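Participant: pasting the sequence and the predicted coordinates here, then a few questions.
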Amino acid sequence: MKKITFIIPLLLCISIVGCSYTDTKSSSTKPFKRESPPVIDISSNDTVTNDCFYTGENLTETEKSNIPFMAIIENSKDARPQSGLSEADIVFETMAEGGIPRFIALFHKNTPKQIGPIRSVRPYFLSIAEEYNLPFAHCGGSAEALSTIKADSSIKSINEIANGAYFYRDASRKAPHNLYTSADKIRKYITSNNIKIDITSNLSFDNSFWKNEDLANATVVNLKLNNFYTTNYKFVNGKYEKYMDGVKSIDKNNNIPLSFTNIVVQQTPIKIQSDNLHLDIAMIGKGSGYLFSNGKVEKILWSRTTSNTQTELTTADGNKVYLAKGNTIWHIIDNSVTPTYN
């Protein structure tokens, strides 16, 4: 694992939005052997790597100084096309209520001028933000997520309800699908509040991994996640272009198609709570999945032992797995869903 420390304090922002949620953890998880990560002080330019920890790509001098953060972004049909996703390093996608998907996107290398629509947090999004130890922008959240934020001062919540100056409404869209922010606004909040950030990443990148001729071809990837949402990908010019419900996805900021170098599919138990609405998504434990890149596929295993460790990815036989250098979309789906590809 690679690690960088930003010496930057935190104002927690809390709102009251009713929901309930119960975290699910795997009691059968065995500890995964991890290397002790180096700690790199970001204040010394001599110690900053030229590679982005989240994409493996080279960073310019300006990009090196960018503060990484995350943002929870709506993915209902009324929210499309979203803004900023084409500039994210990693986009995580999973389900919210009613079979509607939602993103939490990680930004480091780039500085999008508009990000959104921003929506509310759930416990499993907290788990992802905690995994990468990053501040995240959101607007409100479920009762349990907000209770967790209130109880844990280490969680780097940037809640619009308490920090409206760092967000804005776009008059061209109808509420609640019109709340936005920008990379500059979120980074200004982080520096103004002296938030401490320890950048950690155990992702490994090696383009040569995908030159293995024994890997199966996968130039089309399909994910039918429920009766209300289907997403698929077509491999074009070295990247996977994303489609949602049969429509090519674009970024509202620049009209660029959403395309990704890597697609991670992480299968895990997802259950409906007793209210028949909210979800339990098991983020701690182990399971199987798929990694797509360069028009090929590798079946993988994932493992995460505790809330403050990162998800480890290996090949099905336990060897190290490598992403190709570039951006990634990371699907967290139920065990009952299997991607199809050809």
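Facilitator: Received the coordinates, thanks. Numbers count the residues shown, from 1 in each chain.
Participant: from N294, how far out is the closest residue to R173 other than its chain neighbours?
Facilitator: Spatial nearest neighbour of R173, chain neighbours left out: P117 (7.2 Å); criterion: Cβ to Cβ, 6 or more residues apart in numbering. The way it works is simple: take the backbone N, C-alpha and C, and place the C-beta from them, glycine included. According to Cβ to Cβ, to the nearest Å, P117 and N294 sit 32 Å apart.
Participant: between the two, which is the more surrounded one?
Facilitator: Neighbour tally, P117 and N294, criterion other Cβ atoms under 10 Å: the higher count belongs to P117, 27 against 22.
Participant: contacts only, for that one.
Facilitator: With contact taken as Cβ atoms under 8 Å, 6 or more residues apart in numbering, P117 is in contact with I73, E74, A79, Q82, S83, R173, P176, H177, N178, L179, Y180.
Participant: I'd guessed K248 sits against P257; true?
Facilitator: Yes - contact between K248 and P257 holds when scored by Cβ atoms under 8 Å: they sit 5.8 Å apart.
Participant: find residues that contact each of these two.
Facilitator: E241, K242.
Participant: which one's more surrounded, these two?
Facilitator: Legend: neighbour count by other Cβ under 10 Å for K248 and P257, higher for P257 (16 against 13).
Participant: skipping adjacent residues, who's closest to that one in space?
Facilitator: Nearest residue to P257, sequence neighbours excluded (Cβ to Cβ, 6+ apart): E241, at 5.1 Å.
Participant: would that neighbour count as being in a strand?
Facilitator: Yes - counting by DSSP: H, G, I helix; E, B strand; the rest coil, E241 is part of a strand.
Participant: and it, what pLDDT?
Facilitator: E241 is assigned 98 on the pLDDT scale.
Participant: can you give me the neighbour number for it?
Facilitator: 17.
Participant: could you do the one 5 residues further on as well?
Facilitator: Under the neighbour criterion other Cβ under 10 Å, G246 is assigned a count of 8.
Participant: right, and it touches T230 too?
Facilitator: Yes - in this structure, G246 is within contact of T230 by Cβ under 8 Å, at 7.4 Å.
Participant: Three-state assignment for L146, please.
Facilitator: From three-state DSSP, the assignment for L146 is helix.
Participant: filter the contacts of P117 down to just the ones in strands.
Facilitator: Judged by DSSP state E, strands contain the following of the contacts of P117: I73, E74, L179, Y180.
Participant: which ones are touching the closest residue in space to K188 that isn't next to it in sequence?
Facilitator: With sequence-adjacent residues excluded and distances taken as Cβ to Cβ, 6+ apart, K188 is closest to Y166, at 7.0 Å. By Cβ under 8 Å, 6+ apart, Y166 lies in contact with A137, I158, E160, T181, K185, I186, K188, Y189.
Participant: most neighbours out of the residues you listed, which is it?
Facilitator: A137 (32 neighbours).
Participant: low pLDDT regions in the chain?
Facilitator: The chain contains residues with pLDDT under 70 at 1-49.
Participant: break down it into its helices, ranges please.
Facilitator: 61-64, 123-132, 143-151, 183-192 (DSSP state H).
Participant: looking at these, which is nearest to I100?
Facilitator: Ranking the helices of the chain by proximity to I100 (Cβ to Cβ) places helix 123-132 first, at 13.9 Å.
Participant: that closest one - contacts with which helices or strands?
Facilitator: In terms of contacts (3 or more Cβ pairs under 8 Å, 6 or more residues apart in numbering; DSSP states H and E), helix 123-132 is packed against strand 69-74, strand 101-107, strand 136-138, helix 143-151, strand 197-201.
Participant: next, format the ones you listed as JSON lines and append distance to T219.
Facilitator: Formatted as JSON lines, these follow (distance: least, Cβ to Cβ, whole Å):
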{"stretch": "strand 69-74", "distance to T219": "27"}
{"stretch": "strand 101-107", "distance to T219": "23"}
{"stretch": "strand 136-138", "distance to T219": "33"}
{"stretch": "helix 143-151", "distance to T219": "38"}
{"stretch": "strand 197-201", "distance to T219": "28"}
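Participant: of these, which is nearest I270?
Facilitator: Smallest distance to I270 across the helices and strands packed on helix 123-132 (Cβ to Cβ): 12.0 Å, for strand 101-107.
Participant: quick one: strands adjacent to that closest one?
Facilitator: As defined by DSSP bridges, the strand partners of strand 101-107 come to strand 69-74 (antiparallel), strand 90-95 (antiparallel).
Participant: deepest-packed of those, please.
Facilitator: Mean neighbour count (mean count of other Cβ atoms under 10 Å) peaks for strand 69-74 among the strands paired with strand 101-107, with a mean of 26.
Participant: follow-up on the earlier one: relative to H331, which of the ones in strands among the contacts of P117 is nearest.
Facilitator: Checking the ones in strands among the contacts of P117 one by one against H331 (Cβ to Cβ), the nearest turns out to be I73, at 14.8 Å.
Participant: show me which of the contacts of P117 is closest to W302.
Facilitator: Comparing those against W302 with Cβ to Cβ places I73 closest, at 23.0 Å.
Participant: I'd say that closest one and L106 touch.
Facilitator: No - in terms of Cβ under 8 Å, I73 does not count as a neighbour of L106; the distance is 11.2 Å.
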